[in-house]
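In: just coords:
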């Protein structure tokens, strides 16, 4: 049975819906929203890097985490891996054109996080001071003992 033009349009509108658990776009969002992916993309924006360079430039990234992040980015077409036959073998990573197309969003997110950190810290302090509030419940006013 062939689809009508309207059915095809409807099918295309729902083909990638990140709200659906099994949607490939949701899986991609999960990958690119990792802090390690963001940090790797920011470092590779400066140019090709070797694995060891990335480990030095991204504090806290274990060899295992960095390797799995690089593999995921390569699989998704966001970076290119170049192996040079030498002793020892040299492997360089660089952003692909698809990976470069993501940089504007990554830079925007980084800039937002850095410029909003004071407001976020203030919100965290306020929340921690007052404690969590159950949904639908107005918090009781806090009494100050100081005059």
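Out: Perfect, thanks for sending it. All figures in this text were calculated on a predicted structure; none of them were measured in a lab.

In: what about whichever helix in the chain runs longest, average pLDDT?
Out: The helix that spans the most residues within the chain, counting by DSSP state H, is helix 97-130. Across helix 97-130, pLDDT averages out at 94.

In: how close does the most centrally placed residue in the chain sit to residue 85?
Out: Central residue of the chain (CA atoms, centre = their mean): residue 33, 2.1 Å from the mean position. For residue 33, the distance to residue 85 equals 36 Å [CB to CB, to the nearest Å]. For glycine as for every other residue, the C-beta is placed from the backbone atoms N, C-alpha and C.

In: with residue 123 instead?
Out: Per CB to CB, residue 123 is found 53 Å from residue 85.

In: more neighbours: which of the two?
Out: Legend: neighbour count by other CB atoms under 10 Å for residue 123 and residue 85, higher for residue 123 (11 against 6).

In: point out where the protein drops to low pLDDT.
Out: 1, 8-9, 11-14, 133-134, 137-147 (pLDDT under 70).

In: contacting residues for the nearest residue to residue 20 once chain neighbours are set aside?
Out: In space, and not counting its chain neighbours, residue 20 is closest to residue 26: 6.5 Å by CB to CB, 6 or more residues apart in numbering. Neighbouring residues of residue 26 by CB atoms under 8 Å, 6 or more residues apart in numbering: 18, 19, 20.
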